[in-house]
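Peer 1: Here is my input; please provide its structure:
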Amino acid sequence: MNPAHSNHKPSTCRLLLPALLLLAGNLPAAESTSPPPAEIEHPVKESDLTKVILTAEAVNRLGIVTTTVEKRRLTQTRLFGGEITLLALNASANSNSQSVYTILPSLAPAELVRLAQSQIDADGQVDQAKVQVQATQQVLNRAEQMRRDKVGTERSVDDAKAQVGMAEAALKTAYARRNLLGPALLDVNNRSTFWVRVPVYVDDLSGLNTTAQARVGGLKNSPENVSRPAVPVAAPPSANPTAATVDLFYAVKNSDAAFRPGQRVGVLIPLRSEDENLVIPWSAIVHDVSGGSWIYQVLETNRYMRRRVQVLRVVDDQAAVTGDIVAGIKVVTTGVAELFGTEFGVGK
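Peer 2: Reported below is the predicted structural model:
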């Protein structure tokens, strides 16, 4: 083997290795000089938002009122669709009869006319049965008096008693038929209380607090939706096997004639589960043009900072929220819109 050739290869490797290392070292330097794909100038965190500082005179002029954020239970509710219905709870004059519950469905005008005529006929039958009871009772009284005077027979008394029993049975039947026809349609406008029928899917029933008071209002769940209380009432079991629903019933006052029979309404029914949340008055929340929800935290006297919150739900005038806030801080409840306008230069 030639010694010259054996000495030449190691020297070549020693020359190439530094060159490769130098080339590899220059690669990161070349990449670091390329511009980033995005650049943000003057980034601002929401925690560093503009603070609003007012004078004592401005606070008085804006009517600023504050409250403390609490962490407590706020009843959760769920919105269901309901229907205003009429309920017949008519007890007959006969103490042995029972009240009959009849819920009138939505009927066409022609059907309502026929139903009203049937109610009038049934009322007439009740009156006739009452007269018959009175007449047979008078016959019985006369037969008993004649027996006491020794001019009548025992058989005539028994016959009179049988006639009284038949008349009372007819009166009871007349009352039952009338009660099945529901409340008088001619008196609907004078009803101060209606019932609300709420179909509920059977699998949702176990999660509802059906013994608690509900709220009846519009068909959308929003703070602007004016609602009124509705009390759960006992009613005969009612269900729809085709829709897999069962019916809940609530009584709602209608002294102002706001509801009509057959009207569709929204019913807020409380849920059984009640979790603790941060709760503030709904008036403490202001919305921007993009729909974002904000509150103004009181940093110190006459110093306020806007913070973003997310509204979980609203019950009456209270809102359950989450966000970069904690229980115990003070927030503005009155004058929030004025602070918002002052921050963005549209207030005074």
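Peer 1: was I right about residue 269 contacting residue 80?
Peer 2: Yes. The pair residue 269 and residue 80 qualifies as a contact (CB atoms under 8 Å) at a distance of 6.0 Å. Bear in mind the C-beta positions are built from the backbone N, C-alpha and C, glycine included.
Peer 1: intersection of neighbour lists for these two?
Peer 2: 198, 200 (CB atoms under 8 Å, 6 or more residues apart in numbering).
Peer 1: So for these two, which residue has more residues nearby?
Peer 2: residue 269 (24 against 20; other CB atoms under 10 Å).
Peer 1: Now name the helix or strand holding that one.
Peer 2: strand 264-270 (DSSP states H and E).
Peer 1: Following element in sequence after that strand, please.
Peer 2: Taking DSSP H and E, what comes next after strand 264-270 is strand 276-281.
Peer 1: and residue 251, what is it in contact with?
Peer 2: By CB under 8 Å, 6+ apart, the neighbours of residue 251 are 193-196, 230-231, 233.
Peer 1: List buried residues within the residues you listed.
Peer 2: 194-196, 230 (16 or more other CB atoms under 10 Å).
Peer 1: if I look at the nearest residue to residue 254 once chain neighbours are set aside, how far off is residue 82?
Peer 2: The spatially closest residue to residue 254, leaving aside those adjacent along the chain, is residue 194, at 5.0 Å (CB to CB, 6 or more residues apart in numbering). The gap separating residue 194 from residue 82 is 11 Å, by CB to CB, to the nearest Å.
Peer 1: burial count for the residue found closest to residue 326 once you drop the neighbours it is linked to in the chain?
Peer 2: In space, and not counting its chain neighbours, residue 326 is closest to residue 69: 7.2 Å by CB to CB, 6+ apart. As a burial measure, residue 69 scores 19 neighbours (other CB under 10 Å).
Peer 1: where does residue 69 fall, phi/psi-wise?
Peer 2: The phi and psi values for residue 69, taken as degrees, to the nearest 10, are phi -70, psi 130.
Peer 1: thought it was touching residue 277?
Peer 2: No. Using CB under 8 Å, residue 69 is not in contact with residue 277, being 10.5 Å away.
Peer 1: report the longest strand in this structure, please.
Peer 2: The residue-count maximum for a strand in the chain (DSSP state E) belongs to strand 303-315.
Peer 1: and the angle for it with strand 276-281?
Peer 2: 110 degrees (axes from the mean of the first three to the mean of the last three CA atoms, to 10 degrees).
Peer 1: Partner strands of strand 303-315, with direction?
Peer 2: Paired strands of strand 303-315, with direction, are strand 51-53 (antiparallel), strand 293-300 (antiparallel), strand 318-323 (antiparallel) (DSSP bridges).
Peer 1: mean pLDDT for those strands: which is lowest?
Peer 2: Of all the strands paired with strand 303-315, mean pLDDT reaches its minimum on strand 51-53 (a mean of 86).
Peer 1: Thought residue 199 was touching residue 246, still the case?
Peer 2: Yes. If you go by CB under 8 Å, residue 246 and residue 199 touch, sitting 7.4 Å apart.
Peer 1: can you list residues touching both of these two?
Peer 2: With CB under 8 Å, 6+ apart, residue 246 and residue 199 have common neighbours residue 240.
Peer 1: What are the boundaries of the helices in the stretch 51-200 of the chain?
Peer 2: 56-62, 109-148, 154-180 (DSSP state H, counting those that start in this stretch).
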